[in-house]
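1. Coordinates for the following, if possible.
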Amino acid sequence: MIGKGITLTGSVTGLIGHIRNVRLDGTRIDDIDNTDADTTGYHRTFEPGLIDSGQFTCDVLYDRTYADAILAAYKNRVTECWTVRFSNGARRYFWGYPNQNGLDAPYDALVSFNFGIKISGEIKSSSSSSSSSSSSS
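-> Okay, here's the model as predicted:
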């Protein structure tokens, strides 16, 4: 179970615990419309633009300490380095800032705090087989 034992740590915010679900929604490349008066056949033409690394979202069991830490980063507009560590030792590193948060309190289940981090720049990774602490693309 690769999801069991996931941890999330912010370089300023610190460890966020009781994780229930994480999601990296993936990167995408912007489309640049380069159609001009010389384009034939009435078709638009495009070229690849900048890469957007997307959004990281996380659901945690509600704990005031963790929620307060995320809310402080959110209010203070803190961009920091985040590390997602999986139980097999693999890691993902990225810079980002919390840009959304919410609370789910169903009638008959546990309360969870959810938040999103807008990723700024490249997502880097390392595997459990790596003996160094540096990351590779």
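2. what's the helix or strand for the spatially most central residue of the chain?
-> Nearest residue to the geometric centre of the chain (CA atoms, centre = their mean): F56, 2.2 Å. Secondary structure assignment for F56, by DSSP states H and E: strand 55-61.
3. returning to what we had before: hang on, the residue nearest to the centre of the chain packs against F94?
-> Yes. Taking contacts as CB atoms under 8 Å, F56 lies within contact range of F94: 7.0 Å. Yep, even glycine has a C-beta here, placed from its N, CA and C like the rest.
4. Now the common contact residues for the two.
-> Jointly contacting F56 and F94 under the rule CB atoms under 8 Å, 6 or more residues apart in numbering are 82, 117, 119.
5. mind listing which of those residues are in strands?
-> Secondary structure from DSSP state E places 82, 117, 119 of the shared contacts of F56 and F94 in strands.
6. quick one, what contacts the last one?
-> By CB under 8 Å, 6+ apart, the residues touching I119 are 53-56, 94-96.
7. As a markdown table, those residues with pLDDT would be great.
-> Below are the contacts of I119 laid out as a markdown table (pLDDT from 0 to 100):
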| residue | pLDDT |
| --- | --- |
| S53 | 96 |
| G54 | 96 |
| Q55 | 97 |
| F56 | 97 |
| F94 | 97 |
| W95 | 98 |
| G96 | 97 |
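8. Skipping its backbone neighbours, what lies nearest G121 in space?
-> Distances taken as CB to CB, 6 or more residues apart in numbering put W95 closest to G121, at 5.2 Å, once the chain neighbours are dropped.
9. Now do stretch 110-117, average pLDDT.
-> The average pLDDT for stretch 110-117 rounds to 94.
10. Extract the C-alpha set from that stretch and format it as CSV.
-> Extracted C-alpha coordinates of stretch 110-117, given in CSV (Å, rounded to 0.1, in the frame of the first residue of the first chain):
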residue,chain,number,x,y,z
LEU,A,110,-14.6,12.0,11.0
VAL,A,111,-14.0,15.7,10.4
SER,A,112,-11.4,16.4,7.8
PHE,A,113,-9.4,19.5,6.8
ASN,A,114,-8.5,19.9,3.2
PHE,A,115,-6.2,22.3,1.4
GLY,A,116,-4.5,22.9,-1.8
ILE,A,117,-0.9,24.1,-2.6
